[in-house]
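Peer 1: Sequence plus the predicted model coming up.
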Amino acid sequence: MLTRFARAGLLIGALGGAIALAGCTDSSIGDFAPQHANRQLPPKIQQAMKAKGMNKTSPILARVFKEEGKLEIWKQKTNGRYDIIASYDICKWSGKLGPKFTEGDRQAPEGFYTVRPSQMKPNSQYHLAFNIGYPNAYDRANGRTGSNLMVHGACSSAGCYSMTDQQIEEIYAFGRDAFQGGQTEFQVQAFPFRMTAANMARYRNDPNYEFWKMLKVGYDHFELTKVPPKVDVCERRYVFNQIPVDGQPFSPTGACPASSQPDSLKVAYSSYQSSYEAAFNSALKSSTPAPKPTIAGIKEANIVSEWTRKRARGERVPVEPPSLNPDGTITQTERMGRIDSAEGRRMAAIEAEQSAKKKAAEEKAAAVAAARAAAETQKVETAAAAKAAEIAAQTPQQALEVQAAQSGAPADDGAAAKLKKRLLGMFGG
């Protein structure tokens, strides 16, 4: 059955056109390209490709895993199935786990994307780059916005997946060679994490869980077939490896047409789901690492986007973007960012003036409070001195009577004698 299943996967991939081979008509990837855009893959990788039955120019696929910080390159073998050929540590990606919602939210996208020759950027200011194709049909159908989301070098990210320059040279070479071999487009699959039963159980209470469950279907199809899934969008959701019965097109916002899948795929996926459910239920009872921070939907995306707009205008903003907490409060760092515009300098001057006024007011209030406290102390001390003088002017017997009256109770003879003796000693009697 596995052989039939693999053949079904290959058929679906061909129908989807994700790895269709044809003449590459866009020559932009080679026009005026800098030298590093034409560097060849290292001999070690070329030897590994040969050992796995891969041609230098055979089709590729890229997979990204945020939590693990990995970017994988998979390449087609002579039998039509794909195998991993290289894995790279992502140097930087911005935002949190979860999809990109809006322009400026600094989220690196998650989903299934398509890269064509025109999206390759040999002259990128980030050494080398390729645009992953965000927003795709799913993103647009769900009102998500953003632009210029790349995989690039320079190890600096504001919504992209950034690699080191050496890494991007190899990744770029994989795509360049595949296009030269006739691949018209390659797939980029971007996930929050490896979609295992244990990881899905860890994030079962996350607000992005339903979105991730949808992505997992495509993830599972690739894991089972080792062929890039045919990806479509209807009813504002992803559908994978579906073949319309009457050849009707998929409309991203319209109803999904009647469709079918090869029986071998359905049987294999059903069998896999049974084992997955058992593993998922087992993972619920085990101790697992705490989930990583995730974006809290469009509300947090809009908060970060506003921070981005202010920063772009040169306004004074915290160094790091704000974060929305589960209880609805917002956390942001106190340290402010650099001033890089006339508006930023104006705001800094206003802040400095307000800070000086606040400090002066606090110092004035403190001085007034200190003066009042000193006056009260002086008043108490003056009253005490006057009282002492009054007592000193009296005879010992009068002093004894005053003390007894102030105590509220008559002194016994013994106590009176002791007090009288003490007073006589004080006044020289």
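Peer 2: That came through fine.
Peer 1: what ranges of the stretch 1-150 of the chain fall below the confidence cut-off?
Peer 2: 1-32 (pLDDT under 70).
Peer 1: Give me the most central residue, this structure.
Peer 2: Centroid-nearest residue in the chain, with C-alpha atoms, centre = their mean: Lys96, separated by 1.4 Å.
Peer 1: list the contacts for that residue?
Peer 2: Contact analysis of Lys96 by C-beta atoms under 8 Å, 6 or more residues apart in numbering lists Gln107, Lys292, Pro293, Thr294, Ile295. Every C-beta, even on glycine, is put in place using the N, C-alpha and C of the backbone.
Peer 1: Export the residues you listed to a markdown table and append columns for neighbour count, secondary structure and distance to Gln76.
Peer 2: Converted to a markdown table, the contacts of Lys96 look like this (neighbours: other C-beta atoms under 10 Å; DSSP: H, G, I helix; E, B strand; the rest coil; distance: C-beta to C-beta, whole Å):
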| residue | neighbour count | secondary structure | distance to Gln76 |
| --- | --- | --- | --- |
| Gln107 | 26 | coil | 31 |
| Lys292 | 14 | coil | 33 |
| Pro293 | 10 | coil | 36 |
| Thr294 | 21 | strand | 34 |
| Ile295 | 24 | coil | 34 |
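Peer 1: Taking those residues together, which two end up most distant?
Peer 2: Gln107 and Lys292 (13.8 Å; C-beta to C-beta).
Peer 1: thinking again about what came up before, with respect to Ala312, which of the contacts of Lys96 is nearest?
Peer 2: Each of those was scored against Ala312 by C-beta to C-beta, and Gln107 proved nearest at 16.5 Å.
Peer 1: how about that closest one, what does it touch?
Peer 2: Ser94, Gly95, Lys96, Gly98, Pro99, Lys100, Phe101, Gly159, Ile295, Ala301, Val304.
Peer 1: Try it again at 6 Å.
Peer 2: Applying C-beta atoms under 6 Å, 6 or more residues apart in numbering to Gln107 gives the contacts Gly95, Lys100.
Peer 1: go on, Gln76?
Peer 2: Ser58, Pro59, Tyr82.
Peer 1: ditto for Asn199
Peer 2: Contact analysis of Asn199 by C-beta under 6 Å, 6+ apart lists Phe193.
Peer 1: Next one, pLDDT for it please.
Peer 2: pLDDT, Asn199: 97.
Peer 1: Adjust the sequence numbering to begin at 850 for everything that follows.
Peer 2: OK, 850 is where the count begins now, so the last one is Asn1048.
Peer 1: For it, identify the helix or strand it belongs to.
Peer 2: Here Asn1048 sits within helix 1046-1051, counting by DSSP states H and E.
Peer 1: Remind me what the following helix or strand past that helix packs against, helices and strands.
Peer 2: As assigned by DSSP H and E, the chain's next helix or strand after helix 1046-1051 is helix 1058-1074. Counting contacts by 3 or more C-beta pairs under 6 Å, 6 or more residues apart in numbering; DSSP states H and E, helix 1058-1074 is packed against strand 1086-1089.
Peer 1: Can I get the strand it packs on in CSV, CA atoms only?
Peer 2: The C-alpha trace of strand 1086-1089 is given here as CSV (Å, rounded to 0.1, in the frame of the first residue of the first chain):
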residue,chain,number,x,y,z
ARG,A,1086,-9.3,27.9,4.9
TYR,A,1087,-6.5,25.7,3.5
VAL,A,1088,-7.4,22.4,1.8
PHE,A,1089,-4.8,19.9,0.8
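Peer 1: So what's the residue count around the nearest residue to Phe1060 once chain neighbours are set aside?
Peer 2: In space, Phe1060 comes closest to Pro948 once its chain neighbours are excluded; the distance is 6.2 Å by C-beta to C-beta, 6 or more residues apart in numbering. Other residues near Pro948 come to 26 when the count uses other C-beta atoms under 10 Å.
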